[in-house]
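Chemist: Have a look at this prediction, sequence included:
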Amino acid sequence: MSDASADLPEAAVRRLDSAAFSSGLTVPDFAACLELGLQPLALVQGFCVMSWRWYGAGSAYMRGMNPYAPGGQVQGAYAETYRCPHGFVSAEHRMWGQNLEQTWVESAWAQGYGTSYNRMLEEAASLGAHGVIGVADRVAELADTGTVEFHFLGTAVKVMDGPPPLGGVPWTTYLAGQRLTKSIEAGFMPVAVVAAMASVRVWAYCMTEYLMEGSRGWGGPTSPQQVEQVSKAHMASRQLARKHVREQLAGDTLHGARIDVVKRELAQGDEVIDCTLRGNRMRRFKDFDVVPPPRPTVRLG
Amino acid sequence: MTQPQDLPKDAAHRLEELEHGLFTSDLSVNEFLLVKEAGFHPLGFVMGSSIYHIGLQTRKWGESQELTKLTEAMYTARELAMNRMEEEATELGADGVVGVRLDVNYYEWGSDSAEFIAFGTAVKAENGQSYRNAQGKPFTSDLSGQDFWTLMQTGHVPQGLVMGTCVYHIAHRKLTQALGSVGQNVELPNFTQALYEARELAMTRMQDEAGQLNASGIVGVRLEEKSHQWGSHTIEFLALGTAVTKTTGEVTLPKPITIISLDN
Amino acid sequence: MTDIPAVDVRAEMLSGAKSLTVAAAPTKSRGVTSDLSIDEALLLHAAGWEPVDLVCGVSVVSVPMGVWNWGQGEITSAAAGHNAAVREASAELRNECVKVQGHGVVGVRVDVEVHPHHIDVELTGTAVRPVNQGAHPAVPASPFISDLSARDFTLLAGAGWMPVGLAFGASFVYAPRRSAGDTMRQKTQNIELTNFTEAMYAARESAMERMQQSALDVHGQGVVEVKVTEGPMHFARHAVGFTAWGTAVRLVADAHQFVQPQVILPLDDKIVAFEAQSLRGA
């Protein structure tokens, strides 16, 4: 990060050179920030626009992933095979069903997220910032261009009279204002915002397809029953997202996590479950101080 | 007291009435109390408006670019509304305007035109000191009464509502690019660059305004994205914030008490 | 008024910043994860509890084909499917909680989706345990589950009550039919459609009754924060669904502890908490 500003656009360099600070903090947060001894430097941002599509069964990445036969999974990734109990195979009806982790989708997401995050860090580092607070990230489809934009915004700060962090890499957090003050008081120092996405593809075996779609005449069960394959896929996507995030924690605490799940049906009996988990990675720098219990109040008027 | 330059007659008359001691404001009681606490007295509700015709500009289908004509229109129109509001405030002898809101209205009778309105409450310091900004005008800010009080406690005073805008056209992608099922999810550096530039331009312009006020910083920056009536590929990036200068820099806010509210 | 100990937050900030100037010592500890806000974490801690891990439970249960079609009375298999999905999802959540040695799950987010052929129940929350339990704390065989926020949990615990589990009830009915003759005759009349009233009344009652029963099953003494949803199913307008759920609670102290609130007069128009996304405007 020595030559941090090397690939920043001209407009950004000019803006960041300005003598006046800018901050995305509201006034109460600004006040809390000054109280903590944090000096706001500038609003910093980072972007990455990626082309985004849903991988069809014939696409390059799905080669070797055959919905009609088991095997071909990515080494070390989650995969489970479900055999159709009916032993009936045809062009429309497969013999096997699978749950499989789409590692290539996960890594594309991680690339977009990581790239835009690093660009925000570059802006911050070029200012000599120690940290970025009040981070707001967004992953959203851009107009109707078949693209997804990863965008980070935050306020770069310097700890007055404080030492720069290890390697000059600024720490980051979604928190600001009194929330941040309270975290510090309680002994938690923000390290970084962390996030991961887990993507599980569900190729239903025929019974599930029937259970999910109700359109096949197999004369299925007459009483409600748990659909094991789909339930497991759901659990797996959530477990994988937590695992991916945990791998970035190195023993630190994840705080204020948010979990979002998007289900998308690509075709009959072909579903994707995407689970995104994000939160604040915090390091304990002293023993937890118990704050005095707050006063219960009732508002008058 | 300076004479209003381009205010309508009715406005001048209304303001004259306000000079006789009556005040009007859209502040809530809470805000009123806090503005008083900060050492200011509300003078009157002030506003400014401008109906502006926004010219056409052709866009290249496959190219991302700034639409300078539209940028200019959005900018000038807001500036006009703000200036008129400032003039009303000046007329009242105000030191500043708090709680400024900037709105854009579209009317059915005016295609391609829009009304830009700015309104807020003019205030004056009670200690007789002038709080006008570096340009000798009343300061403007979109801060609420509560925020205004809090800001004063941090040893900063508002200088002006500053903004920067950039209307940008985002390229369409060729059908084959957008729909191809082969290949992978990869970064599109051109798009990244375009969005980067659009937002940076808006923010830089805002910062330049703050510079003209000799401000030491901008707080409460918001980055709004609106398509107005131009379709989803043309986006206005608007950066807004309140420029402030440091007076003492000493935070005199008392330590907050933690409470747990039993109200719903 | 008790005095608040003066904390030098600047000094704390500096020591926090210093802790990041060195590489963290390698640790085998698993690290805590939670979806609690710092306020909630602090409150929990003040009440003697701490978060352990983010936990989930999901169940997808099939609904036999054709149950939403034209029929009469209650759609029993839909209610049974709903019940099974809640039961299985709760079991998964409890499993995950036990695995991380939690004593219960607070702030459970409940997402229920009823589709024509399956009912999805998705639960997400944070497993918690009492502070200072030693190396091998006694973990209850069946941890509690509660959709109360950590804040509400703390308040409740302070008053001597504990959540014991989620109480759930659902019922689905077909809207009754009117004969063509009735429909014609009633066209110009103001008249109560008694069979409609009765059907909806009964369905609402049985959803509540089932919720109460499930609270009794976990030895609850009451249910707080009951949420009720009702309305026609979007995919079958003639079928109406009712659900009711809340947290079953039980008095564990000898007597209810009074909170004795202080009366305040706030000067804010609304409570402004930091919301990073407000950077993007309203």
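Modeler: Right, received. Where do you want to start?

Chemist: confidence score at residue 86?
Modeler: Let's take chain A. Predicted confidence (pLDDT) for A:His86: 68.

Chemist: meant chain C actually
Modeler: 95.

Chemist: Can you give me every residue that contacts it?
Modeler: Shown in contact with C:Val86 (Cβ atoms under 8 Å, 6 or more residues apart in numbering or on different chains): C:Ser59, C:Val112, C:Val121, C:Leu166, C:Phe168. In short, each C-beta sits where N, CA and C put it, glycine included.

Chemist: Could you report the separation of B:Trp61 from chain A?
Modeler: Here the distance between B:Trp61 and chain A works out to 12 Å (Cβ to the nearest Cβ, to the nearest Å).

Chemist: so is the residue nearest to that residue when sequence neighbours are not counted in a helix, a strand, or just coil?
Modeler: Leaving aside its sequence neighbours, B:Trp61 sits nearest to B:His172 (Cβ to Cβ, 6 or more residues apart in numbering or on different chains; 5.4 Å). Following DSSP: H, G, I helix; E, B strand; the rest coil, B:His172 is assigned to coil.

Chemist: Over to B:Ala12?
Modeler: Going by three-state DSSP: B:Ala12 is helix.

Chemist: close enough to count as contact, it and B:Glu87?
Modeler: No. Using Cβ atoms under 8 Å, B:Ala12 makes no contact with B:Glu87, being 10.1 Å away.

Chemist: if you count what's nearby, which of these two comes out ahead?
Modeler: B:Glu87 (22 against 13; other Cβ atoms under 10 Å in any protein chain shown).

Chemist: what helix or strand is the more buried one on?
Modeler: B:Glu87 is located in helix B:68-91, with elements delineated by DSSP states H and E.

Chemist: Can you give the distance of that helix from its chain's centre?
Modeler: Centroid separation for helix B:68-91 versus its chain: 10 Å, with Cα atoms, centre = their mean, to the nearest Å.

Chemist: mind listing what's buried in it?
Modeler: For helix B:68-91, burial by neighbour count (16 or more other Cβ atoms under 10 Å in any protein chain shown) applies to B:70-71, B:73-75, B:77-78, B:80-91.

Chemist: Kindly report the same for stretch B:248-264.
Modeler: B:Val251, B:Leu253, B:Thr258, B:Ile260, B:Ser261.

Chemist: neighbours of the residue nearest to B:Trp61, just the number please.
Modeler: 18.

Chemist: Isn't it up against B:Lys60?
Modeler: No. Using Cβ under 8 Å, B:His172 is not in contact with B:Lys60; the gap is 9.6 Å.

Chemist: re the thing from before, so which of the buried residues of stretch B:248-264 reach chain C?
Modeler: B:Thr258, B:Ile260, B:Ser261 (Cβ under 8 Å from any Cβ of the partner chain).

Chemist: Return the member of the residues you listed nearest to chain C.
Modeler: Of all these, chain C sits closest to B:Ile260, with 7.0 Å by Cβ to the nearest Cβ.

Chemist: Is the closest one in a helix, a strand, or coil?
Modeler: Once three-state DSSP is applied, B:Ile260 turns out strand.

Chemist: Setting aside sequence-adjacent positions, which residue approaches A:Phe30 most closely?
Modeler: A:Phe30 sits nearest to B:Val219 (Cβ to Cβ, 6+ apart), 4.8 Å away.

Chemist: any idea which helix or strand comes after the host helix or strand of that neighbour?
Modeler: B:Val219 is located in strand B:217-226, with elements delineated by DSSP H and E. Counting by DSSP H and E, the element after strand B:217-226 in chain order, helix or strand, is strand B:234-246.

Chemist: With chain A in mind, check whether that next one reaches it.
Modeler: Yes. Contact between strand B:234-246 and chain A, assessed by Cβ under 8 Å from any Cβ, occurs at B:Ile235, B:Gly241, B:Ala243.

Chemist: Counting by contacts, list what that strand packs against.
Modeler: Applying 3 or more Cβ pairs under 8 Å, 6 or more residues apart in numbering or on different chains; DSSP states H and E, we find strand B:234-246 packed against helix B:68-91, strand B:156-169, helix B:189-212, strand B:217-226.

Chemist: just the angle between that strand and helix B:68-91, please?
Modeler: 40 degrees (axes from the mean of the first three to the mean of the last three Cα atoms, to 10 degrees).

Chemist: now strand B:234-246: how far from the chain's centre is it?
Modeler: Worked out by Cα atoms, centre = their mean, strand B:234-246 lies 6 Å from the chain centre.

Chemist: what comes up buried for it?
Modeler: Neighbour-count burial for strand B:234-246 [16+ other Cβ under 10 Å]: B:Thr234, B:Ile235, B:Glu236, B:Phe237, B:Leu238, B:Ala239, B:Leu240, B:Gly241, B:Thr242, B:Ala243, B:Val244, B:Thr245.

Chemist: same check, this time on stretch C:238-257
Modeler: Under 16+ other Cβ under 10 Å, the buried positions of stretch C:238-257 are C:Ala239, C:Val240, C:Gly241, C:Phe242, C:Thr243, C:Ala244, C:Trp245, C:Gly246, C:Thr247, C:Ala248, C:Val249, C:Arg250.

Chemist: quick one: the fifth one from chain A, how far?
Modeler: According to Cβ to the nearest Cβ, C:Thr243 and chain A sit 16 Å apart.

Chemist: Surely that residue is in a strand?
Modeler: Yes. Per three-state DSSP, C:Thr243 lies within a strand segment.

Chemist: residue contacts, it?
Modeler: Per Cβ under 8 Å, 6+ apart, neighbours of C:Thr243: C:His82, C:Val112, C:Phe168, C:Gly169, C:Ala170, C:Ala207, C:Val228, C:Thr229, C:Glu230.

Chemist: Now, these that are in helices?
Modeler: Those of the contacts of C:Thr243 mapping onto helices are C:His82, C:Ala207, per DSSP state H.

Chemist: hmm, back to that, looking at pLDDT only, which of the residues of strand B:234-246 next to chain A scores worst?
Modeler: Within the residues of strand B:234-246 next to chain A, pLDDT is lowest for B:Ile235, at 85.

Chemist: Show me the helices in the stretch 51-200 of chain C, by range?
Modeler: C:76-99, C:150-158, C:180-186, C:194-217 (DSSP state H, counting those that start in this stretch).

Chemist: just chain A next, same as before
Modeler: A:10-17, A:27-35, A:103-126, A:177-186, A:206-213, A:228-247.

Chemist: Return the member of those having the minimum mean pLDDT.
Modeler: helix A:206-213 (a mean of 57).

Chemist: Per-residue pLDDT of whichever residue of the stretch 151-300 of chain A sits closest to chain B, please?
Modeler: Of all residues in the stretch 151-300 of chain A, A:Pro294 sits closest to chain B, at 4.0 Å by Cβ to the nearest Cβ. Confidence at A:Pro294, expressed as pLDDT, is 76.

Chemist: Spell out which parts of the stretch 101-250 of chain C neighbour chain A.
Modeler: C:Pro116, C:His117, C:His118, C:Ile119, C:Asp120, C:Glu122, C:Thr124, C:Leu155, C:Gly158.

Chemist: Now render the buried residues of stretch C:238-257 as CSV, adding pLDDT and distance to C:Glu92.
Modeler: CSV is the format used below for the buried residues of stretch C:238-257 (pLDDT from 0 to 100; distance: Cβ to Cβ, whole Å):
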residue, pLDDT, distance to C:Glu92
C:Ala239, 86, 28
C:Val240, 87, 29
C:Gly241, 89, 23
C:Phe242, 92, 25
C:Thr243, 92, 20
C:Ala244, 92, 22
C:Trp245, 92, 17
C:Gly246, 93, 20
C:Thr247, 94, 18
C:Ala248, 94, 19
C:Val249, 94, 23
C:Arg250, 93, 23
